[in-house]
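# model this:
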Amino acid sequence: METNALFYKIQKRTIWTEDYVNWSHNLLKNDVSSPSVNIISSFPFDENIFVKWKFILKEL
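Numbers count the residues shown, from 1 in each chain. The predicted structure follows:
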């Protein structure tokens with residue numbers, strides 16, 4: 001998922017953990033990496049990403 005599409009889903013409040021995971025996979029595919037991107041990419045689609053979100057956003 002491209003970043004613009006992710007922001008659109010956030011704005012429309014239709015965002016799911018799966019969207020963030022797919023977005024992180026796209027970043028990694030494009031050689032954009034950080035510890036937080038790696039963490040996001042490792043989440044299963046059914047895990048609640050928002051529990052760890054504050055830490056992840058702080059680093060990004």
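# all the helices of the protein, residue numbers only.
3-12, 17-29, 35-42, 53-59 (DSSP state H).
# would you list these in a markdown table and tack on mean neighbour count?
C-beta: built from backbone N, CA, C; applies to glycine. A markdown table is the format used below for the helices of the chain (neighbours: other C-beta atoms under 10 Å):
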| stretch | mean neighbour count |
| --- | --- |
| helix 3-12 | 12 |
| helix 17-29 | 17 |
| helix 35-42 | 16 |
| helix 53-59 | 11 |
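# CSV for those, including mean pLDDT?
Listed next are the helices of the chain as CSV, based on pLDDT from 0 to 100:
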stretch, mean pLDDT
helix 3-12, 95
helix 17-29, 95
helix 35-42, 88
helix 53-59, 70
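# if I look at Val51, how far off is Val37?
Val51 is 17 Å from Val37, where distance means C-beta to C-beta, to the nearest Å.
# what of Ile10?
Computed with C-beta to C-beta, the distance linking Ile10 and Val37 is 17 Å.
# so Ile40 makes contact with Glu18?
No. Contact criterion C-beta atoms under 8 Å: Ile40 and Glu18 do not qualify, at 11.2 Å.
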